[in-house]
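**Q** got a structure for you, letters missing:
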């Protein structure tokens, strides 16, 4: 069968017809569409995400309750210990998303290795290099904004996955940062944290409207004081039905010297299945060599981290202790962080992580894989 080349977003790959069908289905199903894809950039960063369809192109369209558009910055904008600051990519000042016993915050460094670890790591790429999908360029990474509890909620209009979205309104400011920037054609994730009610709001493929409302493929909310999961089988702004925010590497964590949670990452070919805490799969591939959504890997304890820069060292310690969780379809071994102000992220430091290959990781023993 003749091979051909297809371009999705900024990704251009050569597939056989059968491989393309499987890969396209894996990329296109989830609300967020897919993870980040290869791009030519400077330092530790890369180009925009892939696989997102045009708003309104599929699925149901619903509208949430309307709300007026006003902004509020009640209270301290800089926060205090344990009280997050306000604003785009603001410091959480040591406050942790979700309870300490949440899967995102649970150490897995002593858990058994999954008996199927080797073929799974092979399918992701033993010789494929790790890639930090963020850095000094403010257009890279997945941004978020922290708002006060008085931020007025506004209407949400779901353009694709309304039946699997949490109803609005959401307290999303009209100027909330969008992944890839306001003109991005990628995943356009929008993340809002209400610091006073300690709630998380996430949109996939979000577009602000002139009346203050937002159009988005889907929306999901989480109580950051709870371990409650989404409805089984529901997507979110990530294809795995997981929250994005708790898996991002943030500069305030680097400044504090420690990351105390798992890190989200993407794979090109995931399995038709998911394991908790994931709630959704985004693939037709059934082979056990493929990673299900929610699968966890960790950097091997024997991997030497001496010689890496200070920022990379903190990240590698987290990869050993808390590991990484398969959260979306995208480029193999791409892991995500949030932007920060100029001068924070050191691309030369982060570039050291690109020397690490997939064979330095192992799969943590998995629980039950849900396939329906």
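**A** That came through, no problem. Not measured: the values here are computed from a predicted model.
**Q** can you say which helix or strand has residue 363 in it?
**A** If you go by DSSP states H and E, residue 363 is part of strand 361-363.
**Q** so what strands line up beside that strand?
**A** With DSSP bridges as the test, strand 361-363 is paired with strand 296-299 (antiparallel).
**Q** if we can go back for a sec, contacts for the strand holding residue 363, please.
**A** Identification of contacts with strand 361-363 by Cβ atoms under 8 Å, 6 or more residues apart in numbering yields 113-114, 116-117, 120-121, 291, 295-300, 319, 324. (C-beta placed from N, C-alpha, C; glycine too.)
**Q** among these, which one sits closest to residue 103?
**A** Closest approach between the contacts of strand 361-363 and residue 103, by Cβ to Cβ: residue 296, at 8.5 Å.
**Q** on that earlier part again, which of the contacts of strand 361-363 are buried?
**A** When the contacts of strand 361-363 are checked for burial by 16 or more other Cβ atoms under 10 Å, the buried set is 114, 117, 120, 121, 291, 295, 296, 297, 298, 299, 319, 324.
**Q** quick check, nearest of the contacts of strand 361-363 to residue 284?
**A** Of these, the one sitting nearest to residue 284 (Cβ to Cβ) turns out to be residue 291, at 14.5 Å.
**Q** residue 266: what secondary structure?
**A** Following DSSP: H, G, I helix; E, B strand; the rest coil, we place residue 266 in the strand state.
**Q** how near is it to residue 130?
**A** From residue 266 across to residue 130, the span is 12 Å (Cβ to Cβ, to the nearest Å).
**Q** try residue 218
**A** Distance of residue 218 to residue 130, computed by Cβ to Cβ: 29 Å.
**Q** more neighbours, the two?
**A** The residue with more neighbours, out of residue 218 and residue 130, is residue 218; 27 against 24, by other Cβ atoms under 10 Å.
**Q** please name the residues that touch that one.
**A** Contacts of residue 218 were listed using Cβ under 8 Å, 6+ apart, and they are 31, 158, 160-162, 164-165, 203-205, 235-237.
**Q** make CSV out of these and add neighbour count, secondary structure and pLDDT.
**A** As requested, the contacts of residue 218 are arranged in CSV below (neighbours: other Cβ atoms under 10 Å; DSSP: H, G, I helix; E, B strand; the rest coil; pLDDT from 0 to 100):
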residue, neighbour count, secondary structure, pLDDT
31, 32, coil, 72
158, 29, strand, 98
160, 26, coil, 97
161, 26, strand, 97
162, 20, helix, 97
164, 22, helix, 98
165, 28, coil, 98
203, 30, strand, 98
204, 31, strand, 98
205, 30, coil, 98
235, 27, coil, 97
236, 31, coil, 98
237, 34, coil, 97
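**Q** hey, where'd the strands end up in the stretch 101-250 of the chain?
**A** 131-132, 145-147, 156-158, 190-194, 199-204, 207-208, 214-216, 218-223 (DSSP state E, counting those that start in this stretch).
**Q** need those strands in JSON lines with distance to residue 230, can you?
**A** Shown next, in JSON lines, are these (distance: least, Cβ to Cβ, whole Å):
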{"stretch": "strand 131-132", "distance to residue 230": "28"}
{"stretch": "strand 145-147", "distance to residue 230": "22"}
{"stretch": "strand 156-158", "distance to residue 230": "15"}
{"stretch": "strand 190-194", "distance to residue 230": "16"}
{"stretch": "strand 199-204", "distance to residue 230": "11"}
{"stretch": "strand 207-208", "distance to residue 230": "23"}
{"stretch": "strand 214-216", "distance to residue 230": "16"}
{"stretch": "strand 218-223", "distance to residue 230": "7"}
